[in-house]
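**Student:** A predicted structure for the sequence below; I have some questions about it.
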Amino acid sequence: MAVWFVTGSSRGLGRHLVEQLLAAGHQVAELSRHEAEGQQDHPALLRVSGDLTVPEQVGEAVNATLQRFGRIDTVVNNAGRGLLGAIEESSDAEAQEVFGLNVHGPLHVIRAVLPVFRRQRSGNIVNVSSLAGFSGAASWGVYSASKFALEGLSEALAKETAALGVKVLIVQPGILRTEFLNDQSLLVSAASIEDYDATSGAGRRNLQSSRGVQPGDPRVAAQRIIEQVQAGLPDIGLATRLILGSDAARVIGAKLALLNEQIAHSAPLAGSIDFPVAGQ
């Protein structure tokens, strides 16, 4: 039995994670601004209402978890918000809202839980990114940027904490059939520029028809995350990645192939800017 701390658990992937963890006999603390509809009380569940963008509330949630269960073994930073709109169409307020939840939220949780993990000399941090966190998507530029930031944070974190027994898993799901495309999770930029009609404009028009037909099963995605953590994250001193969904594998694979081509093309020039090494 392990203690899990999960954010963004009122719906979608987070809710499936909590339900499966409880069914498997784990203890779970869930931090969310919204209460999950129809979710029953469970003796191994601690519900904490709080705002991830407020560090004090996050700290209180971590303390409440320790008081209830005595330890924390795995943290899942799952809460997130999308923004559909071209980069030029996105306002400062809209971008700040997305970065506040997608970047600052996980940062607040990580800072609050690391003293616990350092004392324990053990702990897993699971950061839920996206295929858009590895390959920027047109009309999702600000959202992509927030997930790129989360992945960079995760990679550095794994290197900083490896000697302390803390391991980091980056989850890169494709498009899951959750409520993410609904109004509670998704912002649509208020501004609309005609020149972006083929990208963000098409995204707006297709939004309704995209709901409910996303290819990824969030129940299975939750199961795969739990299995990966329970199997033990590799002790390599680097963040581990878990790619979920054929769409994610296809997009990420295509970008890796392009990067390899660009590396090979740039290789003859890469070292040309270095200062000469003394004595050579």
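**Tutor:** Yep, it's here.

**Student:** which residues sit against the helix or strand hosting Leu66?
**Tutor:** Assigned by DSSP states H and E, Leu66 belongs to helix 55-69. For helix 55-69, the external contacting residues (C-beta atoms under 8 Å, 6 or more residues apart in numbering) are 3, 5, 27, 29, 31, 46, 48, 50-52, 72, 105, 108-109, 111-113, 116. C-beta here means a position set from N, CA and C on the backbone, and glycine is covered the same way.

**Student:** cross those residues against helices and list the overlap.
**Tutor:** Cross-referencing the contacts of helix 55-69 against helices under DSSP state H gives Gly105, His108, Val109, Arg111, Ala112, Val113, Val116.

**Student:** could you double-check that the last one lies in contact with Gly123?
**Tutor:** Read it as Val116. Yes - between Val116 and Gly123 there is a contact at 7.0 Å, judged by C-beta atoms under 8 Å.

**Student:** so if I had to pick from the two, which one is more boxed in?
**Tutor:** Neighbour count, other C-beta atoms under 10 Å: between Val116 and Gly123, Gly123 has more, with 23 against 19.

**Student:** just the buried residues from the contacts of helix 55-69, in ChimeraX please.
**Tutor:** This is how ChimeraX selects the buried members of the contacts of helix 55-69, with burial counted by 16 or more other C-beta atoms under 10 Å:
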select :3,5,27,29,31,46,48,50,51,52,72,105,108,109,112,113,116
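
**Student:** mean confidence for stretch 108-121?
**Tutor:** Averaged across stretch 108-121, pLDDT comes to 98.

**Student:** ignore what I typed, I meant stretch 273-280.
**Tutor:** 84.

**Student:** ok, stretch 246-255 next?
**Tutor:** 93.

**Student:** restricting to C-alpha, output it in CSV.
**Tutor:** Extracted in CSV, the C-alpha atoms of stretch 246-255 (Å, rounded to 0.1, in the frame of the first residue of the first chain):
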residue,chain,number,x,y,z
SER,A,246,-0.7,6.0,-31.0
ASP,A,247,-1.2,9.7,-31.9
ALA,A,248,1.4,10.7,-29.3
ALA,A,249,3.8,8.0,-30.5
ARG,A,250,3.4,9.2,-34.1
VAL,A,251,3.8,12.9,-33.5
ILE,A,252,6.8,12.4,-31.1
GLY,A,253,8.4,10.0,-33.5
ALA,A,254,8.1,12.3,-36.4
LYS,A,255,9.7,15.2,-34.5
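
**Student:** and that stretch, what's buried?
**Tutor:** Buried, per 16+ other C-beta under 10 Å, within stretch 246-255: Asp247, Ala248, Val251, Ile252.
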